[in-house]
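> Here is the input, now give the coordinates:
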Amino acid sequence: MNSGFGNLPIERSMFSIFKRTPVFHDQAFEELAEMLWLDEEQPTHKRELLDPSVLDFSLHSLAHVDDYLEAVRSDAIEGEVMMRVVLRAGAYVGEVVRRHSKTEYHWVDYAQAARESRMVKDVGMYLGTMGVLRASADTMCFPLGKVCKFLEAGREDSVHFFAQAIIEGIGRDISQ
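As a prediction, the model looks like this:
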């Protein structure tokens, strides 16, 4: 048998250089989630409406996040204020999913998700796709995108319902 790199057969070693291991951003998004209520230097819009004792990364805590987002959406926020709300609340929603799902999810950035998924690439990069929860190339979800939708449409786009569906495995393919 021909050897390639080390003891690997040439065929296996040749193609392994083309396969990229995803870069995960789990710790960064976990910290971003905590900034929802902890950041005092650049506080999240209407942070005073958030009860830190309820924000325990439980599925139940997302009902509180739904209430918070409903209050925020009446303010017609934009720019950096909107970006902080979406990134932090979306990271919190995603962390609830990651901690409670039987499926192992990891945070990836848009570029990684777009390399693996034509659908993600077609959606394009925007605030809602800056961070994507990925279990595999075929199983991704968009907590930041769900927060964007909630801010546009209201409770019909509940983050609590979204997370519950993902955790329970409803709609296993790429979902939003």
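
> which element follows the helix or strand hosting Glu95 toward the C-terminus?
Here Glu95, judged by DSSP states H and E, is contained in helix 79-100. Later in the chain than helix 79-100, the nearest helix or strand by DSSP H and E is strand 106-109.

> That next one - contacts with which helices or strands?
Counting contacts by 3 or more C-beta pairs under 8 Å, 6 or more residues apart in numbering; DSSP states H and E, strand 106-109 is packed against helix 26-38, helix 79-100, strand 131-136. Backbone N, C-alpha and C define where each C-beta goes, glycine included.

> how about low-confidence regions in this structure?
1-19, 170-176 (pLDDT under 70).

> can I assume Asp26 is in contact with Arg99?
No - counting by C-beta atoms under 8 Å, Asp26 stays clear of Arg99, with 10.7 Å between them.

> that older thread, determine the angle, from 0 to 180 degrees, between the helix holding Glu95 and helix 26-38.
120 degrees (axes from the mean of the first three to the mean of the last three C-alpha atoms, to 10 degrees).

> Report the angle between helix 79-100 and strand 131-136.
Using the same axes, to 10 degrees: helix 79-100 against strand 131-136 is 30 degrees.

> now helix 79-100: how far from the chain's centre is it?
Distance, stretch centre to chain centre, for helix 79-100: 7 Å (C-alpha atoms, centre = their mean, to the nearest Å).

> swap in stretch 154-167?
13 Å.

> Any buried residues in that stretch, and which?
Buried positions in stretch 154-167, judged by neighbour count with 16 or more other C-beta atoms under 10 Å: 157-164, 166-167.

> CA-only coordinates of that stretch in PDB, if you can.
The C-alpha coordinates for stretch 154-167 follow below in PDB (Å, rounded to 0.1, in the frame of the first residue of the first chain):
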ATOM      1  CA  GLY A 154     -44.100  40.200  17.300                       C
ATOM      2  CA  ARG A 155     -45.100  37.200  19.300                       C
ATOM      3  CA  GLU A 156     -46.100  35.100  16.300                       C
ATOM      4  CA  ASP A 157     -42.300  34.600  16.100                       C
ATOM      5  CA  SER A 158     -41.800  33.500  19.700                       C
ATOM      6  CA  VAL A 159     -38.200  32.600  20.600                       C
ATOM      7  CA  HIS A 160     -39.600  30.300  23.300                       C
ATOM      8  CA  PHE A 161     -41.600  28.300  20.700                       C
ATOM      9  CA  PHE A 162     -38.600  28.300  18.300                       C
ATOM     10  CA  ALA A 163     -36.200  26.900  20.900                       C
ATOM     11  CA  GLN A 164     -38.700  24.300  22.100                       C
ATOM     12  CA  ALA A 165     -39.200  23.100  18.500                       C
ATOM     13  CA  ILE A 166     -35.400  22.800  18.000                       C
ATOM     14  CA  ILE A 167     -34.800  21.200  21.300                       C
END
